[in-house]
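Visitor: Return atomic coordinates for the entry below.
(2 chains)
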Amino acid sequence: MTMFEAILLTIITASTPLLIAAVGQLVVERSGVLNLGMEGMMIMGAACGFAVAILTGNSAIGIVAAIIAGMAMSLIFAALTLGLAANQVASGLALSIFGLGLSGVIGAPFVGAKRDAMPRLDLPVLSDLPIIGKALFGQDPYVYASFALTFGVWWFLFRTRPGLVLRACGESHASAHALGYPVLKIRLLAILFGGGCAGLAGSYLSLVYTPFWSPGMTAGRGWIALAIVVFASWLPWRAMAGAYLFGGITILQLHAQGAGVRIPSQLMAALPYLVTIIALVIIMSRRTGQQTAPASLGTPFVPDR
Amino acid sequence: MQINRRQVLQGATALGAAAGLGQPAFAQANPLQVGFIYVGPVGDFGWSTMHDVGRKRLEEVMGPAVKTTAVEAVAANDMERVATQLARQGHRLIFTTSFSFFQPTMRVAPTLPNVFFESATGTRTADNVSLYNARFYEGRYVQGVIAARKSKTKTIGYIAAFPVPEVIHAINTVMRGAWSVDPSMKIRVIWANAWFNPGREADAARALIDQGCDVICQHTDSPAPLQLANERGVFGFGQASDMTRFAPKAHLTSSVNNWGDYYVERAKAVIAGTWKPGDVWGGLNSGMFKLAAFTNMTPEEASEAQKVAEALSSGRLHPFDGPIVRADGTEAVAAGGRLTDDQIRAMNYFYRGVEVSLPA
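Guide: You can find the predicted model right below:
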């Protein structure tokens, strides 16, 4: 494996959890809900996924548990923001803090337990392609899932009628309601989908990326995923570009440090953020007049009867 | 006369004790409350875990004479608040267990003159602030020796947390140990800018291994780099606790911290009224840390490492003996001299031959 392939492989692994979480969150925000509880849902996925994988000895069951844990967390958020029309920002922040704490309690008996990372799944023929073969098709199942997820979400949002309805809820919940669409139900499903994706992304960290459990191990990745959704101006393919750009710069700056490039490491560590922000500004300035955030994002909806 | 909530609670405790709740009254009436502030989560399986092991040891030895409280994952800028809170709750001895806490400890200590502070690493003491640390660099020297024997590419990969003296002199000492075996040894360093961020630590390990490093040293707290070394088929060392089980094929040795005995000693001093600000820096011979069993090494390699460890422990070998030349070519200490403890603790330069840029 050449150096280039090795770097590409590492970049893809580093970006995958961000991509999965961001794509899930993108659907939530497209429906008009801002769930800042990403970090909390993600770490619950990491804790529950690892715990269940240890208890059952089966990674697949662990992944399912992680998705359920993420959905359960998002259900709390949904109860607060949809059921009680609570402030979404405050509820989301509370969910993040709650998740960090609860995951510590759930994970406590599993501190120090170890598992082998999930095996890679080489796709025959494709993984023998030169240069990109190993990086794209010699990966763990999560990577393929993240590709499929991005495509699926794009297709759903922009090529299907339910996707159009979901976007309508995000742009103007009052109009969607007036047309007879069940806004709250649609938002609930979107929130659950986002929670499931967050849980899945979390389990990637504790089952594949660094296969052990440790409190706080998501280390802010949930917040990055939230930021990527904004950077991507709520478009799935741009979210993919954003996740890979962010992951790529993160890995490249580590390589630059290892190679002894004489740039202060603090500046290097800030590079992923800087580059992503600059990329966003450039995209925005070139596409003026285009829609950006869903118009009803973050506004509670109370149907009048 | 003012009565605050604490006095009421104390009164209630005393009443309970006097009523004879099945425990000796003297023990319940006035246990010494000891606070611990950790920089990472208790479950980091490294630095903070081992401080918590020390805390449990303190409880085990002292029994009802002490009552301990631990606050985990405290940010440096939040430490003063946590310390003040602990003091208000009646804690009279507080261990602030990180170099990142040293400055906050020095700021908060004068405002709480009745509380004794113990800062794990630091640069000076105060009326109510003691320093304690272990000479982990002795373990780093042994790591360097082992790494030089194990490495085929002659390149060590080092994942460092922050450019503080403790980390800088550790990097220098690893290389000193490595050069004692093979002067052609090289090192690559990546700053993680975190003590604990498993994902980033693993990324750093991936990058170092991709760049040809085949022995990984880590100065961060999670087992992620070692585990990755195992996955990639290179070698690594555990940090702070025995991490053998995370990397059965890669683990060479770990520095295993042991703070419990020191905690017992200091708590006893407070109870006896003999606590004085001290500055303890214990080496391999003090028991403050030891090396985990050598694994994945030939008997010859293990016995060499053992001999080096014994020489360091007995003082026959000292990693900071002159001559030491800085990377910029100036001399830090001449042949025949030795760096003082204060000089070691303030080290802000790399040795000549350590080609690593210091973050500004």
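
Visitor: Spatially nearest residue to residue A:41, not counting backbone neighbours?
Guide: Excluding the flanking residues, the one nearest residue A:41 by CB to CB, 6 or more residues apart in numbering or on different chains is residue A:198, at 3.7 Å. (Each C-beta comes from the backbone N, C-alpha and C, glycine too.)

Visitor: Residue A:21 is in contact with the one you found, correct?
Guide: Yes - assessed by CB atoms under 8 Å, residue A:198 is found in contact with residue A:21 at 5.2 Å.

Visitor: and the two? which has more neighbours close in?
Guide: Looking at residue A:198 and residue A:21 with other CB atoms under 10 Å in any protein chain shown, you find the greater number of neighbours at residue A:198, namely 40 against 35.

Visitor: Residues that sit against both of residue A:198 and residue A:21, list them.
Guide: For the pair residue A:198 and residue A:21, residues contacting each of them under the criterion CB atoms under 8 Å, 6 or more residues apart in numbering or on different chains are A:38, A:42, A:222, A:225.

Visitor: check contacts around the third one.
Guide: Yep, that's residue A:222 we're talking about. Taking CB under 8 Å, 6+ apart, we find residue A:222 in contact with A:21, A:38-43, A:96, A:198.

Visitor: residues touching the residue positioned nearest the centre of chain B, list them.
Guide: Residue closest to the average C-alpha location in chain B (CA atoms, centre = their mean): residue B:47, at 6.0 Å. Under the criterion of CB under 8 Å, 6+ apart, the neighbours of residue B:47 are B:39-40, B:97-98, B:195, B:221, B:239-240, B:257.

Visitor: Residue B:182: which of those residues is nearest?
Guide: In terms of CB to CB, no member of the contacts of residue B:47 lies closer to residue B:182 than residue B:239, at 23.8 Å.

Visitor: Please look at the closest one and residue B:218 and confirm they touch.
Guide: Yes - under the criterion of CB under 8 Å, residue B:239 is in contact with residue B:218, at a separation of 5.3 Å.

Visitor: any shared contact partners between those two?
Guide: Each of residue B:226 lies in contact with both residue B:239 and residue B:218 under the rule CB under 8 Å, 6+ apart.

Visitor: all strands of the chain, in order?
Guide: No chain was given, so I picked chain A. A:121-122, A:138-139 (DSSP state E).

Visitor: look at chain B instead
Guide: Counting by DSSP E, the strands of chain B are B:32-37, B:66-71, B:93-96, B:116-120, B:129-134, B:155-160, B:186-191, B:215-219, B:235-238, B:251-257, B:279-282, B:289-291, B:324-325, B:331-333.

Visitor: Show me which positions of stretch B:308-315 end up buried.
Guide: The neighbour-count criterion (16 or more other CB atoms under 10 Å in any protein chain shown) identifies B:308-309, B:312-313 as the buried residues of stretch B:308-315.

Visitor: quick one: low-confidence parts of chain A?
Guide: Low-confidence regions of chain A, defined here as pLDDT under 70, cover residues A:1, A:120-138, A:287-291, A:305.

Visitor: Skipping its backbone neighbours, what lies nearest residue 247 in space?
Guide: Just so you know, I chose chain A. residue A:15 (3.0 Å).

Visitor: that's the wrong chain, I wanted chain B
Guide: residue B:230 (3.6 Å).

Visitor: what residues are up against that neighbour?
Guide: Residue B:230 is in contact with B:236, B:246-251, counting by CB under 8 Å, 6+ apart.

Visitor: Now list the buried members of those residues.
Guide: Neighbour-count burial (16+ other CB under 10 Å) is assigned, among these, to B:236, B:246-247, B:250-251.

Visitor: got CSV for the residues you listed, with pLDDT and distance to residue B:191 too?
Guide: Supplementary listing: the buried ones among the contacts of residue B:230 in CSV, determined by pLDDT from 0 to 100; distance: CB to CB, whole Å:
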residue, pLDDT, distance to residue B:191
B:236, 96, 18
B:246, 89, 23
B:247, 91, 23
B:250, 94, 22
B:251, 95, 24
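
Visitor: Quick one: name the residues of the stretch 51-200 of chain A near chain B.
Guide: In this structure, the stretch 51-200 of chain A approaches chain B at residues A:104, A:107-108, A:111-112, A:114, A:117, judged by CB under 8 Å from any CB of the partner chain.

Visitor: quick check, nearest of these to chain B?
Guide: residue A:111 (3.6 Å; CB to the nearest CB).

Visitor: Leaving out the residues flanking it, which one is nearest to the closest one?
Guide: Leaving aside its sequence neighbours, residue A:111 sits nearest to residue B:43 (CB to CB, 6+ apart; 3.6 Å).

Visitor: and the gap between the one you found and residue B:58?
Guide: Applying CB to CB, to the nearest Å, the value for residue B:43 to residue B:58 is 19 Å.

Visitor: Also residue A:15?
Guide: If you measure residue A:15 against residue B:58 using CB to CB, the figure is 45 Å.

Visitor: and these two? which has more neighbours close in?
Guide: Each of residue A:15 and residue B:58 had its neighbours counted (other CB under 10 Å), and the higher figure belongs to residue B:58 (27 against 24).

Visitor: Now for that one: which residues touch it?
Guide: B:34, B:66, B:68, B:260, B:263-264, B:267.

Visitor: And the pLDDT for it?
Guide: For residue B:58, the pLDDT comes out at 96.

Visitor: dump the residue contacts of residue 198.
Guide: I went with chain A, as the question did not name one. Residue A:198 sits in contact with A:21, A:24-25, A:38, A:41-42, A:45, A:70, A:73-74, A:222, A:225, where contact means CB under 8 Å, 6+ apart.

Visitor: wait, I meant chain B there
Guide: Residue B:198 sits in contact with A:205, A:209-210, A:212, A:214, A:217, A:219, B:222, B:224, where contact means CB under 8 Å, 6+ apart.

Visitor: So which of those sit within helices?
Guide: Among these, the subset assigned to helices under DSSP state H consists of residue B:224.

Visitor: Out of the contacts of residue B:198, which is nearest to residue A:185?
Guide: Of all the contacts of residue B:198, the one with the least separation from residue A:185 (CB to CB) is residue A:205, at 31.4 Å.

Visitor: Let me see the contact set for that closest one.
Guide: Remark: with contacts taken as CB under 8 Å, 6+ apart, residue A:205 is in contact with A:17, A:42, A:46, A:217-218, A:221, B:198-199.

Visitor: Counting neighbours, which of the residues you listed comes out on top?
Guide: Greatest neighbour count in those, by other CB under 10 Å, goes to residue A:42: 39 neighbours.

Visitor: Distance-wise, check that residue relative to residue A:67.
Guide: With distances taken as CB to CB, residue A:42 is found 12 Å from residue A:67.

Visitor: Check residue B:297 too.
Guide: 43 Å.

Visitor: Low-confidence bits of chain B, can you list those?
Guide: Per-residue confidence of chain B (counting by pLDDT under 70) places the weak regions at B:1-29, B:357-360.

Visitor: ok, now with 50
Guide: Judged by pLDDT under 50, chain B has its weakly predicted residues at B:1-28, B:360.

Visitor: Done for today, thanks.
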